[in-house]
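Asks: For reference, the sequence and a predicted model appear below.
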Amino acid sequence: LTFIPIGDSLNVTAVFESESINMMPSHILSDTTLQKIYSPYHATGHVRIDSNACLIVEPGVEILMPQDKSIIVNGSIVIHGTVEEQVIIKPNLYSDTWGAVCIVNASHKSEVNHLKINGASKGVDFTRDKAAISIYNSDVNLNAFSVENVEAPILAKYGRITIKNCRLYTDYAGDLINIK
C-alpha cells in the first residue's frame with residue numbers, strides 16, 4: 001500500500017499480485033494424473049471419477065476438499081504415495097471436515113499407497129459411505145494408509161479388499177475396520 005497525502009485528501013494505491021491455484025476437475029471422464037509440481041489441488045465440490053477413467057496421483061500431492069464433499073470413484077484411483085512423500089487429502093482452509101473417498105461399483109481395481117486422510121467424515125450416501133474410505137462392491141488394495149481426525153477409518157461391503165501396513169486411530173467408539 002502506498003499513501004500519498006494531497007492537500008486535504010489522501011490518495012491510496014494498493015498493488016495486488018495474482019495467485020494461481022490448481023483446481024481439481026469435478027468430473028474425471030478419462031485417465032487423469034495429478035502431478036506434484038502443480039500441488040496442492042483444490043476441489044470445489046464432489047469429484048467423480050467415471051467408470052472408464054482412472055485418477056492417478058503422484059507422490060507428494062496434496063488435495064484440499066471443501067466441507068462435506070467427497071471423491072466418488074466408479075472407475076479406479078491409483079495413489080502412488082511413498083514413505084518420503086505421502087499423498088494427503090484434507091479439508092481446505094475454510095472447512096473443518098470433508099466427505100470421504102467412496103469407491104463404489106468400481107469398474108477396475110484401485111491401488112492406494114501411502115495415503116494420509118485428515119478430517120474425513122462421511123460420503124454422499126450415509127447408508128453406504130460411513131467411513132473415511134468407503135468401499136462398496138469394488139476391488140481395492142490399501143498399503144500404508146493412515147488417518148487423523150476421523151470417526152471411522154475403513155468400511156468395505158461386497159468387494160475385495162487387501163489391507164497392509166496401515167495406521168488407524170480414532171477418538172470415537174466403534175470399528176476401525178468394518179468389513180461386511
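Replies: Arrived safely, thanks for sending.
Asks: so where do the helices sit in the chain?
Replies: Using DSSP state H, no helices are found in the chain.
Asks: so where's it shaky on pLDDT?
Replies: 1-3, 18-19 (pLDDT under 70).
Asks: Spit out the contact partners of the closest residue to W98 other than its chain neighbours.
Replies: Among residues not flanking W98 along the chain, M65 sits closest, at 3.5 Å (C-beta to C-beta, 6 or more residues apart in numbering). The way it works is simple: take the backbone N, C-alpha and C, and place the C-beta from them, glycine included. Contacts for M65 were tallied using C-beta atoms under 8 Å, 6 or more residues apart in numbering; they are A43, I71, I89, K90, P91, N92, S95, W98, G99.
Asks: List the residues that contact the fourth one.
Replies: So that's K90. Per C-beta under 8 Å, 6+ apart, neighbours of K90: E62, I63, L64, M65, W98, I117, N118, G119.
Asks: and it, how far is that from K164?
Replies: 23 Å (C-beta to C-beta, to the nearest Å).
Asks: same question, the second one
Replies: Distance, I71 to K164, using C-beta to C-beta: 22 Å.
Asks: Looking at the two, which has the bigger crowd around it?
Replies: Taking other C-beta atoms under 10 Å, I71 and K164 do not tie; I71 has more neighbours (25 against 10).
Asks: Okay, and the beta partners of that one?
Replies: Residues in a beta bridge with I71, per DSSP bridges, are V47, V101.
Asks: and K157, what does it touch?
Replies: Counted by C-beta under 8 Å, 6+ apart, K157 has contacts R128, I135, Y136, N137, I179, K180.
Asks: can you rerun that using 6 Å?
Replies: Residues counted as contacts of K157 (C-beta atoms under 6 Å, 6 or more residues apart in numbering) are Y136, K180.
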